[in-house]
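*Asks:* Generate coordinates for the sequence data below:
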Amino acid sequence: MGIDSEGECYLSLLQANSNGQIMEIFFRALAKKLDSERPHWRKDTIIILDNAPYHHGKAILKVFEALDIPIMFTGPHSYQAAPCELWFASFKAVDINTGRLPTNKR
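*Replies:* Below you'll find the predicted structure:
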C-alpha cells in the first residue's frame, strides 16, 4: 500500500504474506501507475518503508535502483510514523467480507 501526501491510496490486496516477490510486483505496478499520472513524480516523492526484511533485501533494492524509485527507511519500531500501518490498522478493524464469500484458494 502507498499513500501520497494528498491522501491518494495505491493499494493491492492479496491472500498471502508479503515477501520480496510481492513487493517487486507492487513497486513495478506503482511506478508504472505514477509514471502515467505524473511523469516527474520522482522529483518530489519519497517512498517511506519500514525495515521489514523484504523491504531492504538485495533483490528489492535492485528494483528500486532500476526503476529509479527514491526510498527512505523509518527507524526501528516507528509504527506511528508509518501512515500505511495506521491505515492497515483501521482496515483490519472492520469486516470487509460481510457477504461471507469464500476466501480460500480452493
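
*Asks:* Could you name the helices and strands sitting against the longest helix along the chain?
*Replies:* In the chain, ranked by residue count with DSSP state H as the criterion, the top helix is helix 20-37. Judged by 3 or more C-beta pairs under 8 Å, 6 or more residues apart in numbering; DSSP states H and E, helix 20-37 is in contact with strand 9-10, helix 58-66. In short, each C-beta sits where N, CA and C put it, glycine included.

*Asks:* avg pLDDT for that helix?
*Replies:* The average of the pLDDT scores along helix 20-37 is 92.

*Asks:* do stretch 6-13 as well
*Replies:* Rounded mean pLDDT across stretch 6-13 is 79.

*Asks:* next one: it to chain centre, how far?
*Replies:* 8 Å (C-alpha atoms, centre = their mean, to the nearest Å).

*Asks:* Contacts for that stretch next, please.
*Replies:* Stretch 6-13 has contacts (C-beta atoms under 8 Å, 6 or more residues apart in numbering) with Met1, Gly2, Ile3, Asp4, Ile25, Phe26, Ala29, Leu30, Lys33, Leu34, Trp87.
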